[in-house]
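Trainee: Below are the sequence and a predicted model for it; my questions follow.
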Amino acid sequence: MRILVIGGGGREHAICWALKKSPKVQELYCAPGNGGIAGVAECVPIQVNQFAEIAAFAISHAVDLVVIGPDDPLSEGIVDYLEAQQISVFGPRQNAAIIESSKVFSKHLFKKYNIPSAAYETFDNYEAALAYMRNQQIPIVIKADGLAAGKGVVIAQSMEEAEKALHDMMVVKIFGDSGNQVVIEEFMTGQEMSILSFVDGAVVRPMVAAQDHKTVFDNDLGPNTGGMGTYSPLPHIEQSIIDEAIETIIKPTAAAMVSEGRPFRGILFAGLMLTPQGPRTIEFNARFGDPETQVVLPRLKTDLLDIFLAAVDGTLEQIDIAWSDEAAVCVVLASEGYPGSYPKGLPIQGLDEVQDALVFHAGTALKDGAIVTNGGRVLGITALGSDIADARAKAYAAAERIQFQGKHSRTDIAKKALV
């Protein structure tokens, strides 16, 4: 079969890496891809929002399945566009992808269907939002309604910080139209957990749980990022709690989307908080997480293409999905300055010296035959091991072999699991 993956980050590299292992994959393309993806797939110079060009390529190259990686094209309706041209595609339609593209929609959905989440209010007027917020307890969470590259959430530790975040979102418009509406919600305490699921309507097939590290510095300090590292499984979290989250949050959410006339097909990614009152919803995403994908897919024993095809064909409930007992840890190597401004085009050394680990390229490019930096999060170094400690040691050892000017990484990825 001929498969086209849309996207060019670490998530898409992991997806391509997993698909490449399938004996059914005859040709693998990625648009636009990156410097590392070029090693496993043919990179096509088409951007993720160029729907007509993507469709033309899929038709001219007899592509059997298109797999959508990032959130932006999903929210803009790429699945609907491709399906209208009889192109088979894995991912949610626009009316289902709204569960990620509008936090206001998702919060209202949780309330309507009694899905555990934080108390909240939504606003489209800055003065009204400011007046409400000034009467709330600190810490408080301010979220831009729309997509913001994983950076549209501020956990304010003071009212001054909260007011600045609200002003930046609604007045300065640092996230553009995504800040036209905001969600202001209570701050929940507890450990975060990510559960990604293969979903087709009301059929939910959960993947193994993972835990991300969102802030840029050790000990969960500094501004939020797209994710600085992750690991799976979560030995310090009881399986009964994971099962509770699946039964009380993820399955009811999929069922709610069906009830709303927005059946979800694709990857439903639940961001969860394990509070003293039980698991509660932080948010849902409509695609594979990044960097969660980089530890989840290496643990998948079943052919990923078979799962995608089953979801598209409506037979997801019937397929056997198996997972490895090995642990996986991913350490992200970022550019100096990230998540703020950062340089690009810096040469990367040591990629060929990595042993006992997978190197997923997130922000790289090929320049004059060499791999250079081309993003804030540059590489994700994933290692498998007999347990978290083993995988963690391998991941950090491999990360040490790679060098580029200003390289930054957290040193405490997966430490919470070493209990």
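Mentor: That came through, no problem.
Trainee: Please enumerate the strands of the stretch 1-150 of the chain.
Mentor: 2-7, 27-32, 42-43, 65-68, 89-90, 120-123, 140-144 (DSSP state E, counting those that start in this stretch).
Trainee: Mind listing what's buried along the last one?
Mentor: This points to strand 140-144. For strand 140-144, burial by neighbour count (16 or more other Cβ atoms under 10 Å) applies to 140, 141, 142, 143, 144. Quick note: C-beta positions are derived from backbone N, CA and C, even for glycine.
Trainee: For that strand, give me every contacting residue.
Mentor: When contacts are defined by Cβ atoms under 8 Å, 6 or more residues apart in numbering, strand 140-144 is touched by residues 103, 118, 133, 152-156, 162, 165-166, 169, 175, 178-179, 182-187, 283.
Trainee: Just give the closest residue to residue 391, not the sequence neighbours.
Mentor: residue 385 (3.3 Å; Cβ to Cβ, 6 or more residues apart in numbering).
Trainee: can you pull out the strands in the stretch 301-419 of the chain?
Mentor: 327-334, 358-361, 364-367, 370-373, 377-385.
Trainee: right, so of the ones you listed, which gets closest to residue 72?
Mentor: strand 377-385 (16.5 Å; Cβ to Cβ).
Trainee: which secondary structure elements does that closest one contact?
Mentor: Applying 3 or more Cβ pairs under 8 Å, 6 or more residues apart in numbering; DSSP states H and E, we find strand 377-385 packed against helix 10-20, helix 293-296, strand 327-334, strand 358-361, helix 388-401.
Trainee: mind putting the ones you listed in CSV, distance to residue 309 and mean neighbour count included?
Mentor: Shown next, in CSV, are the helices and strands packed on strand 377-385 (distance: least, Cβ to Cβ, whole Å; neighbours: other Cβ atoms under 10 Å):
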stretch, distance to residue 309, mean neighbour count
helix 10-20, 11, 27
helix 293-296, 19, 30
strand 327-334, 25, 28
strand 358-361, 24, 26
helix 388-401, 30, 20
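Trainee: Now distance to residue 409 too, for these, in a markdown table please.
Mentor: Below are the helices and strands packed on strand 377-385 laid out as a markdown table (distance: least, Cβ to Cβ, whole Å):
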| stretch | distance to residue 409 |
| --- | --- |
| helix 10-20 | 14 |
| helix 293-296 | 14 |
| strand 327-334 | 5 |
| strand 358-361 | 13 |
| helix 388-401 | 6 |
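Trainee: Tell me the pLDDT of the nearest residue to residue 152 once chain neighbours are set aside.
Mentor: Once flanking residues are discounted, residue 152 sits nearest to residue 144: 3.6 Å by Cβ to Cβ, 6+ apart. pLDDT, residue 144: 92.
Trainee: so what's residue 144 bridging to?
Mentor: residue 182 (DSSP bridges).
Trainee: Roughly how far does it sit from residue 173?
Mentor: Using Cβ to Cβ, to the nearest Å, residue 144 is found at 10 Å from residue 173.
Trainee: What does the pLDDT read for residue 84?
Mentor: 98.
Trainee: wait, I meant residue 153
Mentor: At residue 153, the pLDDT value in this model is 87.
Trainee: That one against residue 224, yeah?
Mentor: Yes - using Cβ atoms under 8 Å, residue 153 makes contact with residue 224 at a distance of 6.2 Å.
Trainee: rewinding a little: now mean pLDDT and distance to residue 279 too, for the helices and strands packed on strand 377-385, in TSV please.
Mentor: Compiled in TSV, the helices and strands packed on strand 377-385 are given as follows (pLDDT from 0 to 100; distance: least, Cβ to Cβ, whole Å):
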stretch	mean pLDDT	distance to residue 279
helix 10-20	98	24
helix 293-296	98	18
strand 327-334	98	22
strand 358-361	98	28
helix 388-401	98	21
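Trainee: ok, back up a step: redo the strands of the stretch 301-419 of the chain as a markdown table? Include distance to residue 55.
Mentor: Formatted as a markdown table, the strands of the stretch 301-419 of the chain follow (distance: least, Cβ to Cβ, whole Å):
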| stretch | distance to residue 55 |
| --- | --- |
| strand 327-334 | 33 |
| strand 358-361 | 26 |
| strand 364-367 | 25 |
| strand 370-373 | 30 |
| strand 377-385 | 29 |
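Trainee: Output the below-cut-off pLDDT ranges for this structure.
Mentor: Applying pLDDT under 70 to the chain picks out residues 150.
Trainee: Is the residue nearest the centre of it in a helix, a strand, or coil?
Mentor: Residue closest to the mean C-alpha point of the chain, counted by Cα atoms, centre = their mean, is residue 289 at 1.9 Å. What DSSP: H, G, I helix; E, B strand; the rest coil gives for residue 289 is coil.
Trainee: Cool, thanks, signing off.
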